[in-house]
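Chemist: Have a look at this prediction, sequence included:
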Amino acid sequence: MAASVPDSPARRDPAWVGRVFWTCAALVILAPALVAAEFKPWIMLSPDNLKVTARFIGDFLPPQLDGEFLAMVARETWRTVAIATAGIALALLLAIPLTLLSTAALSVSALSGRMGAMPFLLRQAVRGLLIVLRSVPELVWALVFVRVVGLGPTAGVLAIALTYAGMLGKVYGEILESGDTHATTALLRNGSGRLQAFFFGLLPQNAAELTSYTVYRWECAIRSSAVLGFVGAGGLGQQMDLSMKMFAGSEVATMLIVFVLLVWLADALSAQLRRVLG
């Protein structure tokens, strides 16, 4: 038998003290958070709740596959995709100029080492606007626009556009500033405009990541449109709300399958675009 050899200092993890400390700190922070959230998953395992859960899940099977119902689902699915696509398109119209205004890498005054006072204040104001836009949930915007424009897809489109403009603008700015900015700086120092520096410096090296995140947000907008349908914003979500109120679980199951397929389609589209741009 080979004699056991004690671990040498070189084989020990030099960061184990920090890892243990931060693990314990995370547990100390997480424990009161779970208490405040009243997180009690063991309640679901009680016999009474298991019976209710099994009966509820059983109502979803089998999915509704009636021809007339599937035709209606197809129409509302197209409307849902249209709401999400139109909302993302409007969000991009807002997010792209706000991103260009808030990105410090495109600041000419910062080339000297310190950004000027007015450009700095402008960027902070734009970033504040992005915070406001993404701080208000799309459901709240939908409730507001339902009051203004009435029930229908328009409220959903506008709600997605405002909230997602704030999200896209923030993440776009972080992506552009986290990459290599040497080419952009060189272009600005040699007299090119901000748009030229963006299109020939920042955009080429970040196009794949920007595209991937945009498609991901489009996927999120499809899911959001389902939630917005519960407040009368139209689409597949509104039909799901009606089916749930009528306790038609099989119809809800069919619509949930459609949402799974839509998310799969968005994931496949994102992978293909990254392959093309990469």
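Modeler: Looks like it arrived, so ask away. Numbering: from 1, shown residues only.
Chemist: If you average the pLDDT over stretch 177-191, what comes out?
Modeler: Across stretch 177-191, the average pLDDT comes to 75.
Chemist: can you check stretch 58-73 too?
Modeler: Confidence for stretch 58-73, expressed as mean pLDDT, is 81.
Chemist: same thing with stretch 196-216?
Modeler: Across stretch 196-216, the average pLDDT comes to 81.
Chemist: Just the CA trace of that stretch, in CSV.
Modeler: Below are the C-alpha coordinates for stretch 196-216, written out as CSV (Å, rounded to 0.1, in the frame of the first residue of the first chain):
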residue,chain,number,x,y,z
GLN,A,196,-18.6,56.7,-38.3
ALA,A,197,-16.8,55.6,-35.2
PHE,A,198,-19.8,53.6,-34.2
PHE,A,199,-20.4,51.9,-37.5
PHE,A,200,-16.7,51.1,-38.2
GLY,A,201,-15.3,50.8,-34.7
LEU,A,202,-17.8,49.6,-32.1
LEU,A,203,-20.5,47.8,-34.1
PRO,A,204,-18.4,45.3,-36.1
GLN,A,205,-16.8,43.7,-33.0
ASN,A,206,-20.0,43.7,-31.0
ALA,A,207,-22.6,42.9,-33.7
ALA,A,208,-23.0,39.2,-32.7
GLU,A,209,-23.6,40.0,-29.0
LEU,A,210,-25.9,42.8,-29.8
THR,A,211,-27.9,40.7,-32.2
SER,A,212,-28.1,37.8,-29.7
TYR,A,213,-29.4,40.0,-27.0
THR,A,214,-31.9,41.7,-29.3
VAL,A,215,-33.4,38.3,-30.3
TYR,A,216,-33.5,37.3,-26.7
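Chemist: Helices along the chain, start to end?
Modeler: 16-36, 47-58, 67-102, 117-135, 138-149, 153-178, 182-189, 194-197, 203-228, 236-245, 249-277 (DSSP state H).
Chemist: which strands and helices sit next to the shortest one?
Modeler: Which is helix 194-197. The helices and strands touching helix 194-197, judged by 3 or more Cβ pairs under 8 Å, 6 or more residues apart in numbering; DSSP states H and E, are helix 182-189. Just so you know, the C-beta spots here come from the backbone N, C-alpha and C atoms, and that holds for glycine as well.
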